[in-house]
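Trainee: make a model of this:
(one chain, ligands or ions: 1)
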Amino acid sequence: MNSTVLIVENLGKSYGDVLAVDGVSFRAERGSVFGLLGPNGAGKSTTINCISGLLPPSSGRASINGADIVNAAKAAKQSLGVVPQDLALYDDLSAIDNLRFWGQAYGLRGSELDERVKTVLTYIGLGDRARDLPKTFSGGMKRRLNFGCAVVHRPAVLLLDEPTVGVDPQSRSRLFELVESERANGACIVYTTHYMEEAERLCDSVAIIDNGQLIAQGTVAALREQLDARDVLQLSGNFDTEKCTRAINDLQAGALDKLQIVSHDEGSLVLSLPDASQHLSSIFQVLDNSGATIAETSLRRPNLETLFMLLTGKELRE
Ligand SMILES: Nc1ncnc2c1ncn2[C@@H]1O[C@H](COP(=O)(O)OP(=O)(O)OP(=O)(O)O)[C@@H](O)[C@H]1O
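Mentor: The predicted structure follows:
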């Protein structure tokens, strides 16, 4: 059995003049969580909405379980479950009837439907609230019901668009458990988020998207390796750009040949280097000699968030 169930090739989507998704390609496997990471407006939802058939792509293609999302849309949708960013529940249907509705929409009938709905209700922790309306639920309970509706027909591919936005910590960890058990059941999960710590906890492989383009892709371990164990040192204060660059160049020419400038303007200086804490005093010394005043300093260990900064020179959450 081929383990690749989702193939996205050179996908593009424009809204008028706005190129929201620009040639995105990736593959995702059964029994794995694929993270699509990027800041607000990067193009994550547009990518998800194209894959789920909600938006027609402007270019490129995608297939789910071998079915092209445009030419074999019905078969593609049958293998797909979607948990959209905004809740998609019927307020006038009880929890169990919301699940029954989605089960029927995907062709489940009779005892198979009854059993599956019962299993999913327990699975999402709403067994004792089956007959209640979603409006009586907390935000986290609604999210879990939304999740249940997406998995009731046992999809091969599950798309989750920022599922933890506005969710309390307890419901968040329950959602993580649900994602992990779907993976254990063999589903391929595409998980979009701008929380890098969620990606580091959940994802087997990730793609980082910025301005509609994938700027890095691989397993979390491989991307960490790409960072070359670099710390990110962020300084804010007053910097004369020219004098400061000269000072940093002197350091690079000396012992700190791995020192890099990530971004630099008059009010801030972001540097990266391995084992930064060992070299703080020499960095501060040369900056001081260049006439810089430093108001604030922060040192971050390498993670996906610092990788984003190293690749783009920008903060993930601004
Ligand atoms: N219906 C639309 N019409 C015009 N532009 C749009 C539309 N939807 C999204 N965009 C633009 O497309 C780009 C990508 O948006 P998208 O919602 O896909 O990003 P995102 O990464 O999902 O961000 P967020 O997490 O904020 O939803 C943004 O520049 C956005 O303003």
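
Trainee: surely residue 240 meets residue 293?
Mentor: No - contact between residue 240 and residue 293 fails when scored by CB atoms under 8 Å: they sit 10.2 Å apart. Where C-beta positions appear, they are placed from N, C-alpha and C, glycine not excepted.

Trainee: so how far is the ligand from residue 77?
Mentor: For residue 77, the distance to the ligand (CB to the nearest ligand atom, to the nearest Å) stands at 20 Å.

Trainee: in the strand or helix carrying that residue, which residues are buried?
Mentor: Take DSSP states H and E as the rule and residue 77 turns out to sit in helix 73-78. Residues of helix 73-78 classed as buried by neighbour count (16 or more other CB atoms under 10 Å): 75, 76, 77, 78.

Trainee: what do you get for stretch 192-201?
Mentor: 192, 193, 194, 195, 196, 198, 199, 200.

Trainee: please apply the same query to stretch 309-318.
Mentor: 309, 310, 311, 312, 316.

Trainee: which one's the longest helix in the protein?
Mentor: Counting by DSSP state H, the longest helix found in the chain is helix 169-184.

Trainee: sorry, back to before: and the buried residues of stretch 192-201, which of them are in strands?
Mentor: 192, 193 (DSSP state E).

Trainee: residues in contact with the closest residue in space to residue 277 that isn't next to it in sequence?
Mentor: With CB to CB, 6 or more residues apart in numbering as the criterion, residue 277 has its nearest non-adjacent residue at 6.4 Å, and that residue is residue 299. With contact taken as CB atoms under 8 Å, 6 or more residues apart in numbering, residue 299 is in contact with 231, 232, 233, 234, 276, 277, 280.

Trainee: and the fourth one, what element?
Mentor: Assigning secondary structure by DSSP H and E places residue 234 in strand 230-238.

Trainee: any idea of the mean pLDDT in that strand?
Mentor: Taken as a whole, strand 230-238 carries a mean pLDDT of 88.

Trainee: and it, which strands flank it?
Mentor: Next to strand 230-238 in the sheet, as set by DSSP bridges, lie strand 268-274 (antiparallel), strand 293-300 (antiparallel).
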